[in-house]
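J.: 3D, please:
(chains A and B)
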Amino acid sequence: MTYAIRAEGLVRRFGATTALAGVDLAVPTGTVFGLLGPNGAGKTTAVRVLATLLAADEGHATVGGYDVRRDAHRVRQLIGLTGQYASVDENLTGTENLLLIGRLLGLSRADARARARVLLADFQLSDAAERAAKTYSGGMRRRLDLAASLVGRPQVLFLDEPTTGLDPRSRNELWDIVRTLVTDGVTVLLTTQYLEEADQLAGEIAVVDHGRVIAQGTPEELKAKVGGQVLAVRPVDPADLPTVLAVTGEVARATPEVAHQTVTVGVSDPEVLPAVVRRLDDAGVRVAELALRGSSLDEVFLSLTGHRAEEATPTLEGSPA
Amino acid sequence: MTTLTATASPVGPARRPGVLAGLRHTLTLAWRSLVQIKHNPMELLDLSVQPVMFVLLFTYVFGTAISGSPGTYLKFALPGIIVQTALFATMTTGFGLNQDLTKGVFDRLRALPVARWAPLAGRIVADTVKQAWSLALLLGVGMILGFRLGNGVAGLLGALVLLLVFTLAASWLSVLVGVLVSEPDKVQIFGFMVIFPLTFTSNVFVPTDRMPSWLQHWVEVNPVTILADALRGLLVGGPVAAPVGQSLLWAAGILLVFAPLSVRALRRRV
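T.: The predicted structure is shown next:
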């Protein structure tokens, strides 16, 4: 198997913060690889190192077989990058933005113009082609941003949280585009804090937390790893939450979590459910909702990191002020 | 698969961008900065209307009070207004850079196979074009109002070159501010807070001997005064060698201090 991206032991510190604490990655050519983790996990830093924007303090990485430090210029000829913010020039039109990139990549004026026209049509931006990008909606900007990173027909595409802040429709459109790209043979490294997104797009996922890869595998493997199921209990009276926590923790022999007044706990033994029901009944807790469900990636993340992806405190990532 | 890729690019990608390619990148990026004006009329306003307004207002409102007649005052003030406009215009370098940094455009450019120095060089080329435009506009309006070149084309070219050299150096201060502040608007605030008082406490608008004596000490060493004197010498007439020499020294000093600081700050930020 050939690998479009390989990283070994990447370490990057920003002052006292360790953004990457030894990251190894191997992304097979032609696949979508998801880096999943909360804000501040080190995803953006990893992408910036792989896209030659940031030097790692330790370790090394290759993209398309070229070292990202020594052969940065070669790597740049193979990659496309779409960052967390739609990094288009707001004071240029859609066409001008793509022309700029095309010309910088060495295309002739005519070729750059033709390429811009095709991409704008592909991304349903033809009607807005001659308008300044600052008049675009969020979804349109993201599409233009993605189009800009495709001008050079990259072999490897980095998508850093490409759908953050997008409405569901724009998000689905973007997912479709990514799927099309992969059928064209592009390798995609995708970072996301949306577990669903990784599940939808990525063939393989690395779960990142505090600068480390804490688990890796296909979405199915990760779900299987956590084993089984999740028990969710919501008491009628929120005052009963401590009791529910105590009971579920004791019976399931795991650490339960509270979110939205619902207690969830991973269970592997089918006997847990009736036992919990009996104990709650004995304690006089009235239950509004009680469910046993298959573990989603959400729960995978919870059981791997001990905290929820969404609840992580946002911290500085990638670029220190 | 491996064979396919190998045949697709037999030579493999280039290891480094060539100098010619770098120059082409620079021109493309300069084009970008200039074409932006089309979609941002405010910038055109800054570059054109504001300096012309200054010339008209100062000439006709203060001209008689300060110099006895608008015509005499114009001869005195226009070179200084050119300096003031040029210094304000250097702030667009930092403003644009900060916009690129905060909007992620800078990262996009750095992830492209583009010469490392091209993004900054492109900005500087574009800003030089803008400076030349402002100078031409101010002189044109001045001529209509009765301003005459005292040293012909040679003096004009000398003034243009000196102005470009000085603003090139001064734009490093702008780059530093652009890298250090968190949002583009703060670059403009800085420009207003620093360049505004700096140009008013010079002899741009009012002759030094009309100011309180404590202020005169500062006005005499203010680099804006020195550059304004140099432009007066070149465009109108009078001493040239001393103010031009001192202006170049100031430019060198500013460059030596702020270029390394800016590059260091930029390395830290990205």
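
J.: from B:Gly68, how far off is A:Gly64?
T.: 73 Å (CB to CB, to the nearest Å). Using the backbone N, CA and C atoms, a C-beta is placed for each residue, glycine as well.

J.: the two: which is more packed in?
T.: Remark: of A:Gly64 and B:Gly68, A:Gly64 carries more neighbours, 22 against 10, as counted by other CB atoms under 10 Å in any protein chain shown.

J.: what about the nearest residue to the more buried one once chain neighbours are set aside, neighbour count?
T.: Closest residue to A:Gly64 apart from its sequence neighbours, by CB to CB, 6 or more residues apart in numbering or on different chains: A:Leu78 at 4.2 Å. The local packing of A:Leu78 (other CB under 10 Å) involves 21 other residues.

J.: could I get the phi/psi values of A:Leu78?
T.: When read as degrees, to the nearest 10, the backbone of A:Leu78 gives phi -110, psi -20.

J.: next one: B:Val194 from B:Leu87, what distance?
T.: Plainly put, B:Val194 is 9 Å away from B:Leu87 if you go by CB to CB.

J.: could you do A:Val188 as well?
T.: According to CB to CB, A:Val188 and B:Leu87 sit 47 Å apart.

J.: list the contacts for A:Phe33?
T.: A:5, A:25, A:27, A:187-190, A:202-206 (CB atoms under 8 Å, 6 or more residues apart in numbering or on different chains).

J.: what about the closest residue to A:Pro219 other than its chain neighbours, distance to chain B?
T.: Spatial nearest neighbour of A:Pro219, excluding adjacent residues (CB to CB, 6+ apart): A:Asp199 at 4.8 Å. A:Asp199 is 27 Å from chain B, where distance means CB to the nearest CB, to the nearest Å.

J.: cool, A:Asp240 as well?
T.: Counting by CB to the nearest CB, the gap from A:Asp240 to chain B is 47 Å.

J.: any stretches of chain B with poor pLDDT?
T.: For chain B, the stretches with pLDDT under 70 are B:1-12.

J.: list phi and psi for the residue in it that chain A sits nearest to.
T.: Ranked by CB to the nearest CB, the top residue of chain B for proximity to chain A is B:Gly104, at 3.1 Å. As for B:Gly104, its main-chain torsions (degrees, to the nearest 10) stand at phi 90, psi 0.

J.: again, but for A:Thr264
T.: Here is the backbone geometry of A:Thr264 (degrees, to the nearest 10): phi -120, psi 150.

J.: so how many other residues sit close to the residue of the stretch 51-200 of chain A found nearest chain B?
T.: Here the stretch 51-200 of chain A gets closest to chain B at one residue, A:Ser87, 3.1 Å apart by CB to the nearest CB. As a burial measure, A:Ser87 scores 23 neighbours (other CB under 10 Å).

J.: dump the residue contacts of it.
T.: By CB under 8 Å, 6+ apart, the residues touching A:Ser87 are A:145, A:148, B:103-105, B:107-108.

J.: write out the residues of the stretch 101-250 of chain B neighbouring chain A.
T.: Contacts of the stretch 101-250 of chain B with chain A, taken as CB under 8 Å from any CB of the partner chain, map to B:103-105, B:107-114, B:182.

J.: now, the most widely separated pair of those?
T.: B:Pro113 and B:Ser182 (29.6 Å; CB to CB).

J.: who has more neighbours out of the two?
T.: Just comparing B:Pro113 and B:Ser182: by other CB under 10 Å the higher neighbour count belongs to B:Pro113, 23 against 10.

J.: and for the closest residue in space to the more buried one that isn't next to it in sequence, the neighbour number?
T.: Nearest non-adjacent residue to B:Pro113, counting by CB to CB, 6+ apart: A:Arg76, 4.1 Å away. By other CB under 10 Å, 26 other residues sit near A:Arg76.

J.: try A:Val247
T.: For A:Val247, using other CB under 10 Å, the count is 24.

J.: how about it, phi and psi?
T.: phi -60, psi -50.

J.: since we're on the nearest residue to it once chain neighbours are set aside, how many residues are nearby?
T.: Distance criterion CB to CB, 6+ apart; nearest residue to A:Val247, sequence neighbours excluded, is A:Arg279 at 4.7 Å. By other CB under 10 Å, 17 other residues sit near A:Arg279.

J.: what about A:Arg279, distance to chain B?
T.: For A:Arg279 relative to chain B (CB to the nearest CB), the value is 53 Å.

J.: can you classify residue 266 by secondary structure?
T.: You didn't pick a chain, so chain A it is. strand (DSSP: H, G, I helix; E, B strand; the rest coil).

J.: distance of it relative to chain B?
T.: From A:Gly266 to chain B the distance is 39 Å (CB to the nearest CB).

J.: burial of that residue, as a residue count?
T.: 22.

J.: what segments of the stretch 1-150 of chain A are helices?
T.: Using DSSP state H, counting those that start in this stretch, the helices found in the stretch 1-150 of chain A span residues A:43-50, A:72-76, A:94-104, A:109-122, A:138-150.

J.: can you pull the domain assignment for chain A?
T.: For chain A, the structural domains run A:3-218, A:228-294, going by automatic domain parsing.

J.: could you tell me the least trusted of these?
T.: Mean pLDDT is lowest for domain A:228-294 among the domains of chain A, at a mean of 84.

J.: show me which residues of the stretch 151-300 of chain A are close to chain B?
T.: Contact residues (CB under 8 Å from any CB) of the stretch 151-300 of chain A with chain B: A:Gly152.
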